[in-house]
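Colleague: Sequence first, predicted coordinates after that:
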2 protein chains.
Amino acid sequence: MPADQLSSTFAALSDPTRRAILASLTTGEKTVSDLAEPFEMTMPAITKHLKVLEKANLVERSRKAQYRPCKLQPEPLKAIDEWMDQYRRFFEESFDRLDDYLKQIQAKEKDDDNS
Amino acid sequence: MPADQLSSTFAALSDPTRRAILASLTTGEKTVSDLAEPFEMTMPAITKHLKVLEKANLVERSRKAQYRPCKLQPEPLKAIDEWMDQYRRFFEESFDRLDDYLKQIQAKEKDDDNS
DNA sequence: CAGTTAAATAACCAAATGGTAAAATAAATT
DNA sequence: AATTTATTTTACCATTTGGTTATTTAACTG
């Protein structure tokens, strides 16, 4: 049963270890051992977490000698951000910011036209 | 083992039924039967999903006669939106929009001062 | 009070999740 | 060729998850 993209993204983000891995990748590519180092967890556990992130397309892996560097892949986060759009009016209470938000939407539509 | 707030929010959002329930609540309070109606699922299943949403503080419940109306509680979504801040620069590729975003941050800080 | 409607609980089940230890694989080094 | 380093795979385990049916609880209605 192949879960939809949004579901697997949210599922991947629902674990603090995986969120920490993502955060660690914001400063650049890392090896599996690099990523594992801060955690009190065996390597296979980290490998599994990476597989979840990879299946959710949040991490891309390459190969360099015996290393398997991991790189952040932010597209699914963008999708979540867009999903969030339908809820922003519920938590962006300020009219000023609602205004900002509408302007942003307009800017985005204009942007899409150009691409 | 009490999962942190962010983890339970993401976990709650990782199911399409629960996301549909939330979306349904954007148009106002609903009873459990109202919420269950679009799904090919028994009531207990919906009750369970509601319990997950409630524990994640995404839904608040009240009481009206034999009904238990559900209301959207958007605070946890705001928390996700703020968590996302650290990743926006990775997917908001346009400099224009990055600029918009920075202005938004400034507006927000100003806003926080006033509150 | 008897019956109906709304919802929750209990008991159960299969599959997924998050971890482990031990073994296997891949590439570099000696 | 043997050894070391980096990582993955396998086999296993306990817990959680998402669903079911059957039973209860709660409140209204005739």
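Modeller: Looks like it arrived, so ask away.
Colleague: CA atoms for contacts and neighbours, from now on please.
Modeller: Noted.
Colleague: What lies in contact with the strand or helix carrying A:Leu35?
Modeller: Applying DSSP states H and E as the criterion places A:Leu35 in helix A:32-36. Residues outside helix A:32-36 that contact it (C-alpha atoms under 8 Å, 6 or more residues apart in numbering or on different chains): A:Ile21, A:Ser24, A:Thr42, A:Met43, A:Ile46, A:Thr47, A:Tyr67, A:Arg68, A:Pro69, A:Cys70.
Colleague: Helix, strand, or coil at A:Thr47?
Modeller: Here A:Thr47 is recorded as helix under DSSP: H, G, I helix; E, B strand; the rest coil.
Colleague: on that earlier part again, intersect the contacts of helix A:32-36 with the contacts of DNA strand C.
Modeller: When the contacts of helix A:32-36 are filtered against DNA strand C using C-alpha under 7 Å from any atom of the strand, the residues retained are A:Thr42, A:Met43.
Colleague: What's the ChimeraX line that selects buried ones from the contacts of helix A:32-36?
Modeller: Per 16 or more other C-alpha atoms under 10 Å in any protein chain shown, the buried members of those correspond to this ChimeraX selection:
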select /A:21,24,46,68,69,70
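Colleague: Relative to A:Ala79, which of the contacts of helix A:32-36 is nearest.
Modeller: Taking C-alpha to C-alpha as the measure, A:Ala79 sits nearest to A:Ile21 out of the contacts of helix A:32-36, at 19.4 Å.
Colleague: Return the backbone torsion pair for that closest one.
Modeller: Main-chain torsions, A:Ile21, degrees, to the nearest 10: phi -60, psi -50.
Colleague: any idea how far it is from A:Val52?
Modeller: 12 Å (C-alpha to C-alpha, to the nearest Å).
Colleague: bridging residues for A:Leu72?
Modeller: Assessed by DSSP bridges, A:Leu72 has beta-bridge partners A:Val59.
Colleague: what separates it from A:Arg19, distance-wise?
Modeller: Distance of A:Leu72 to A:Arg19, given as C-alpha to C-alpha: 11 Å.
Colleague: A:Pro38 now?
Modeller: Counting by C-alpha to C-alpha - A:Pro38 and A:Arg19 are separated by 13 Å.
Colleague: Which residue of the two possesses the greater neighbour count?
Modeller: A:Arg19 (17 against 11; other C-alpha atoms under 10 Å in any protein chain shown).
Colleague: residue contacts, the residue most central in space within chain A?
Modeller: For chain A, the residue sitting closest to the mean C-alpha position, by C-alpha atoms, centre = their mean, is A:Leu77 at 4.2 Å. By C-alpha under 8 Å, 6+ apart, A:Leu77 lies in contact with A:Thr9, A:Leu58, B:Met84, B:Tyr87, B:Phe91.
Colleague: could you redo the last one with a cut-off of 7 Å?
Modeller: Going by C-alpha atoms under 7 Å, 6 or more residues apart in numbering or on different chains, A:Leu77 touches no other residue.
Colleague: distance of it from DNA strand D?
Modeller: 20 Å (C-alpha to the nearest atom of the strand, to the nearest Å).
Colleague: So which elements touch the host helix or strand of A:Phe10?
Modeller: Per DSSP H and E, A:Phe10 falls inside helix A:5-13. Applying 3 or more C-alpha pairs under 7 Å, 6 or more residues apart in numbering or on different chains; DSSP states H and E, one finds that helix A:5-13 contacts helix B:5-13.
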